[in-house]
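**Q** build me a model:
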Amino acid sequence: MLTYFLGLSRTLKRVVSILIDACLLGIAFWGGYWVRLDTGMPFDSLLHWELLAVLVPVTVLIFAKLGLYRAVLRYVGFKVLWTVSLGVFLSTMSLVMLAFFFEAFLPRTVSVIYFSFAILLVGGVRLFFRMLVNRGQASRIPVLIYGAGSSGRQLQLALNQGQEFFPVAFVDDSPTLRKTMIQGINVYSPDLIGELIARFDIKKILLAIPSASRSVRQAVIHRLEHFPCEVLSIPGMADLVGGHALIDELKEVSIEDLLGRDPVDPISGLLNANISGKRVMVTGAGGSIGSELCRQIVFCKPQKLVLFELSEYGLYAIEKELNELCKNNNLSVDIIPLLGSVQRQHRLSAVMESFSIQTVYHAAAYKHVPLVEYNVVEGVRNNVFGTLYCAQAAIEAGVETFVLISTDKAVRPTNTMGATKRLAELVLQALASEQHTTRFCMVRFGNVLGSSGSVVPLFRQQILRGGPITVTHPDIIRYFMTIPEASQLVIQAGAMGAGGDVFVLDMGKPVKILDLAHRMIRLSGLTLKDELNPEGDIAINITGLRPGEKLFEELLIGDDVQGTSHPRIMTAREGMLPWENLREYLVSLDEACHAFEHDRIRSILLSAPIGFKPTDDICDLVWHSRQENKQDIIKPHTHGINFLTAESHVSGHNQGGI
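**A** Residues are numbered from 1 along each chain as shown. Here you go, the predicted model:
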């Protein structure tokens, strides 16, 4: 019967409610006479029946005006008793006046008894109905909503429609909302969260503050992470307003909320200087940084955007996304997807010349430290010579600006990846001093949140699998920055400087990876499993540093750093190597790579002025296999690359190697 009633339309439910109220008012009316008179009930008095026939419609009309029939019965709270009390009081006044008008017999106490009975019956039936409906909520998870603003109220209504969560309380920082009741739920101070969790057995805390700044969200999360509850968040305000997400689409707390900062408004002049109305090319366009660069670039309205990518799927995905982005935002940008490797200079030259490229963002690189350690030759080829070939092609094609995406691991490198990126920086610095056709600059920063190979998605996967979480060293720290912020700063930094500049991004405060693991465990509503708590949920295993891994990263080689017009971009004055001297290292390195002479590659990197101090022996898998088998698997090659002289770099006649 209850299920049938719940399935009725809204109009039919109101009709049923009115009929039930009419019966209850009749019971309260005759009940007042029965309690007062006991005997001599005026059931046979037509006058009293006429009085009741007028009183009931008048009372129903009063209830309707007070909004009693607009309330959803399954969600009514004790606050409904106030509405019922007011309506019954007005009904009692109407009874007295109607009795006087009809000249009907009405003892004074009957009106008082009627008032009491009507409140108990009309209000009690509604609370009883809510209790029956809520009996099925035993399987629903009690949740606390942090934020009693419009988003929190919408979230509560949305959750009440579902069968998974049961909102039991609001928490809000605003003193004006505390000790109030919103939609039948009390609003409490954040200081009472621990007490509320114990009282209601709350399992999850839902953040409903989508418009709050990142610093405010960080403070809230820091306050919540110590409670034994999973913390979830609703989508951001931009997604909600844009219709890309629903209010009840709960998700894990964004890692940007944990580690990110409030972004600084970009300087429009810097953001548009090398892009607006120009022909732009991004190498490694399908990667984490490259793809975000492309997203930022299209909003600056370039004439053409050339996507240069080795991965077929990566190129397909970013091209599809950018075309949809342009369509949805009415952007007229010519998106050109091109497959190719940065190790093929002829391909690079053909592309840059054919599309008259004016600005290049070189994001193509192998950046995963252990993988480059295991594949030294390919790491050197892609990071060093890939950068060289891109730079040579840019000079030959008359590119105006060339921006290299570098890394903090290039500072006093302890691994091959960092050494190759520092060598790539030296290549651009040397070429910048030898010619004035192309303005070269480098932008150096640390880890970005959510990139391929990032520790954050790895931790999430390990937590979902039930652990353990693997941390390489208890004292390891890293700088983190969100991909959108890093990409935006790269674009602005590329518009600064005269040539050969090394720009360093302000990464904020470093993060201890072990502390990050602890926070992610707590925010998942789980506990750490260790010697002190053997019954915990997730253990943390210390696996030891990986090949070439450092305990901490640095952004500066020296102390000579200066500010720029942007508060989060600095410029570093660092030593460079003239092209003639650098060319000797490159020729030798090229020959060693062709011959797969890993000992020689290591020796060249050690002798180059890049501060390379490896923490491990050669880890290349091919080299180890050759050592084990005591035979040459790959015979040395005799051909090499004809590198430019300083003069030919300026003239741009080199064809490079392919």
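
**Q** quick check, Val306 in a strand?
**A** Yes. Assignment of Val306 by DSSP: H, G, I helix; E, B strand; the rest coil places it within a strand.

**Q** excluding covalently adjacent residues, which one is nearest to it?
**A** Met281 (4.1 Å; C-beta to C-beta, 6 or more residues apart in numbering). Quick note: C-beta positions are derived from backbone N, CA and C, even for glycine.

**Q** next: Phe166.
**A** With C-beta to C-beta, 6+ apart as the criterion, Phe166 has its nearest non-adjacent residue at 3.9 Å, and that residue is Arg140.

**Q** what count of nearby residues applies to the one you found?
**A** 16 (other C-beta atoms under 10 Å).

**Q** OK, contacts around it?
**A** Going by C-beta atoms under 8 Å, 6 or more residues apart in numbering, Arg140 touches 163-166.

**Q** a markdown table for those, including distance to Ser625 and neighbour count?
**A** Output for the contacts of Arg140, formatted as a markdown table (distance: C-beta to C-beta, whole Å; neighbours: other C-beta atoms under 10 Å):
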| residue | distance to Ser625 | neighbour count |
| --- | --- | --- |
| Gln163 | 58 | 10 |
| Glu164 | 53 | 12 |
| Phe165 | 55 | 23 |
| Phe166 | 60 | 18 |
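
**Q** for these, which one is nearest Val80?
**A** Val80 has its nearest neighbour among those in Phe166, at 18.7 Å by C-beta to C-beta.

**Q** for the stretch 501-650 of the chain, which segments are assigned as strands?
**A** Secondary structure of the stretch 501-650 of the chain, counting by DSSP state E, counting those that start in this stretch: strands at 501-505, 511-512, 528-529, 538-542, 561-563, 569-572.

**Q** mind putting those in a markdown table, mean neighbour count, mean pLDDT and distance to Val96 included?
**A** Listed next are the strands of the stretch 501-650 of the chain as a markdown table, based on neighbours: other C-beta atoms under 10 Å; pLDDT from 0 to 100; distance: least, C-beta to C-beta, whole Å:
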| stretch | mean neighbour count | mean pLDDT | distance to Val96 |
| --- | --- | --- | --- |
| strand 501-505 | 24 | 87 | 78 |
| strand 511-512 | 18 | 84 | 72 |
| strand 528-529 | 17 | 88 | 68 |
| strand 538-542 | 17 | 91 | 68 |
| strand 561-563 | 11 | 77 | 81 |
| strand 569-572 | 20 | 85 | 79 |
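
**Q** hang on, the earlier thing: helix or strand for the residue nearest to Val306, which one?
**A** Assigned by DSSP states H and E, Met281 falls within strand 279-283.

**Q** and that strand, what does it pack onto?
**A** The contact analysis (3 or more C-beta pairs under 8 Å, 6 or more residues apart in numbering; DSSP states H and E) places strand 279-283 against helix 288-298, strand 304-309, strand 359-362.

**Q** now do the residue nearest to Ile336 when sequence neighbours are not counted, the pLDDT please.
**A** Distances taken as C-beta to C-beta, 6+ apart place Val306 nearest to Ile336, at 4.7 Å, with adjacent residues excluded. Listed pLDDT for Val306 reads 97.

**Q** you'd agree Val306 is up against Thr283?
**A** No. Judged on C-beta atoms under 8 Å, Val306 makes no contact with Thr283 at a distance of 9.2 Å.

**Q** looking at these two, which is more packed in?
**A** Taking neighbours as other C-beta under 10 Å, Val306 and Thr283 compare with Thr283 leading, 28 against 22.

**Q** in the stretch 301-450 of the chain, where is pLDDT below threshold?
**A** By pLDDT under 70, the low-scoring segments of the stretch 301-450 of the chain are 450.

**Q** where do the helices sit along it?
**A** For the stretch 301-450 of the chain, the helices defined by DSSP state H, counting those that start in this stretch cover 312-328, 345-354, 369-374, 376-380, 386-397, 416-434.

**Q** what's in contact with the first one?
**A** Here helix 312-328 makes contact (C-beta under 8 Å, 6+ apart) with 285-287, 290-291, 294-295, 298, 305, 307, 309, 331-333, 335, 337-339.

**Q** over to Val411: give its phi and psi.
**A** Here is the backbone geometry of Val411 (degrees, to the nearest 10): phi -90, psi 120.

**Q** tell me, how many neighbours does it end up with?
**A** 24.

**Q** how near is it to Arg439?
**A** Look at Val411 and Arg439: by C-beta to C-beta, to the nearest Å, they are 23 Å apart.

**Q** element containing Pro142?
**A** Taking DSSP H and E as the definition, Pro142 sits inside strand 141-146.

**Q** ok, that strand: who's next to it in the sheet?
**A** Strand pairing for strand 141-146, determined by DSSP bridges: strand 165-171 (parallel), strand 204-207 (parallel).

**Q** any chance of those strands in TSV, plus mean pLDDT and distance to Val253?
**A** Shown next, in TSV, are the strands paired with strand 141-146 (pLDDT from 0 to 100; distance: least, C-beta to C-beta, whole Å):
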stretch	mean pLDDT	distance to Val253
strand 165-171	86	16
strand 204-207	88	7
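
**Q** now those as JSON lines including distance to Ala118?
**A** Listed next are the strands paired with strand 141-146 as JSON lines, based on distance: least, C-beta to C-beta, whole Å:
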{"stretch": "strand 165-171", "distance to Ala118": "30"}
{"stretch": "strand 204-207", "distance to Ala118": "39"}
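
**Q** nearest to Ala430, of those?
**A** Taking C-beta to C-beta, strand 204-207 is the member of the strands paired with strand 141-146 nearest to Ala430, at 50.6 Å.

**Q** which other residues reach the closest one?
**A** 141, 143-147, 155, 165, 193, 217, 220-221, 224, 227, 229-234, 250, 253, 525.

**Q** ok, now stretch 165-183?
**A** 75, 77, 79, 137, 140-149, 152-153, 155-157, 159-160, 185-190, 192-193, 196, 200, 202, 204, 206.

**Q** list the buried residues of it.
**A** 165-173, 177-178, 182-183 (16 or more other C-beta atoms under 10 Å).

**Q** closest one to Leu66 out of those, please.
**A** Once C-beta to C-beta is applied, the member of the buried residues of stretch 165-183 that ends up nearest Leu66 is Gln183, at 16.8 Å.

**Q** got phi/psi on the closest one?
**A** Phi and psi for Gln183, reported as degrees, to the nearest 10, are phi 50, psi 40.

**Q** can you check the one 4 residues further on too?
**A** Note on Val187: its backbone torsions stand at phi -110, psi 130 [degrees, to the nearest 10].

**Q** OK, contacts around the closest residue to Gln562 other than its chain neighbours?
**A** Leaving aside its sequence neighbours, Gln562 sits nearest to Thr571 (C-beta to C-beta, 6+ apart; 5.3 Å). Thr571 makes contact with 496-497, 501-504, 561-564, according to C-beta under 8 Å, 6+ apart.

**Q** if we can go back for a sec, okay, buried residues for the strand holding Pro142 please.
**A** Residues of strand 141-146 classed as buried: 142-146 (neighbour count, 16+ other C-beta under 10 Å).

**Q** buried residues, whichever helix or strand comes after that strand. List them.
**A** Sequence order places helix 150-161 as the next helix or strand after strand 141-146, per DSSP H and E. Across helix 150-161, burial judged by 16+ other C-beta under 10 Å covers 151-156, 158-160.
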